[in-house]
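Undergrad: With the sequence up front, the predicted model follows.
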Amino acid sequence: MLLIIENDLYKYLAVAVMLLAILFAYFKGRGAVSAGSRSLAWTHVPLIAFAIASLGPSAFAIMIYLGYKVGLIQPPPSGYRFSTFIAGLPFDFAVMNWTFVALYVTCRLRPNFGSARFVMWLSVVAMSLPNVLLFSLAWDMVSNARGAGQGIGVIEAMLIFPTVAMIWPGALPDIPDAVLNVISVFTAPIPILGLISWLPAQLIGRSASNFRRKETVRS
């Protein structure tokens, strides 16, 4: 994933693919709504969380900048500026949060898969927690201090670093960057939190559904 974020072309292509997946799932799911005569509005929750995580930090940075500009907030001694981070980082954050799109597509296409609605909420909450760190970067986006972007790089590295390497240092040997990037895509903290929430909750939901069906049959 680090390679995708560093390379603008790969990053923009990844975002384009995610947008196409969102459009496909939306129109496909809209047909399901008409056929099933029930609303699938709840499936949009991962998409809303994705938009907040991707665009929210930059929107917050703009608010801070305007606060400095009109005098509502006292600017730091180093000054402030409207940096390129504000326009560029939403693409980084979108790529880092690709699992929200995967969750949206899954819920939209398979709304009756197990306890999809219950599991969706757990996964969204779990994956949203690390994104709180991204909002703290808004101050760096408008900072004029030297090295202000270093903090942004550190936080991004934390959120795309393979979880297995955090828990077990040295677990990943010297492997090619391309392979490491693939590993990072699926084992970064945000995807792992979503998976950890999805699997157990799906099992619990299925067990509860089976129990209710058995009770109904007995009645």
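TA: In hand now; what should we look at? On a predicted model such as this, the values are computed, not experimentally measured, just so you know.
Undergrad: Poorly predicted segments of this structure, please.
TA: Along the chain, the parts satisfying pLDDT under 70 run over 1-4, 32-38, 114, 163-184, 201-202, 204-219.
Undergrad: Nearest the middle, which residue of it would you pick?
TA: When the chain is reduced to its mean C-alpha position, the closest residue under C-alpha atoms, centre = their mean turns out to be N97, at 2.5 Å.
Undergrad: Next SSE downstream of whatever helix or strand F27 lives in?
TA: Here F27, judged by DSSP states H and E, is contained in helix 8-36. Moving toward the C-terminus from helix 8-36, the next helix or strand (DSSP H and E) is helix 45-70.
Undergrad: Can you point out the buried residues in that next one?
TA: By neighbour count with 16 or more other C-beta atoms under 10 Å, helix 45-70 contains the buried residues 45-47, 49-50, 52-54, 56-58, 60-61, 64-65, 68. (Each C-beta comes from the backbone N, C-alpha and C, glycine too.)
Undergrad: got the phi/psi numbers for the residue nearest to the centre of the chain?
TA: phi -110, psi 30 (degrees, to the nearest 10).
Undergrad: Please report how far the closest residue to it other than its chain neighbours lies from G67.
TA: Take N97 and drop its neighbours on the chain: the residue closest to it by C-beta to C-beta, 6 or more residues apart in numbering is A53, 4.7 Å away. Note on A53: its distance to G67, by C-beta to C-beta, to the nearest Å, is 22 Å.
Undergrad: returning to what we had before: same for the helix holding F27, what does it pack against?
TA: Applying 3 or more C-beta pairs under 8 Å, 6 or more residues apart in numbering; DSSP states H and E, we find helix 8-36 packed against helix 2-6, helix 85-96, helix 98-109.
Undergrad: now the ones you listed in a markdown table, with distance to L23?
TA: Formatted as a markdown table, the helices and strands packed on helix 8-36 follow (distance: least, C-beta to C-beta, whole Å):
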| stretch | distance to L23 |
| --- | --- |
| helix 2-6 | 21 |
| helix 85-96 | 15 |
| helix 98-109 | 10 |
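Undergrad: Can you tell me which of those is most buried?
TA: Across these, averaging neighbours per residue (mean count of other C-beta atoms under 10 Å) puts helix 98-109 on top, at a mean of 22.
Undergrad: Let me know the angle separating that one from helix 8-36.
TA: 20 degrees (axes from the mean of the first three to the mean of the last three C-alpha atoms, to 10 degrees).
Undergrad: what's next to helix 98-109, contact-wise?
TA: 14, 18, 21-22, 24-26, 28-29, 32, 40, 42-44, 46-47, 49-50, 53, 113, 116-117, 120, 123-124, 127, 185, 190-191, 194, 198 (C-beta atoms under 8 Å, 6 or more residues apart in numbering).
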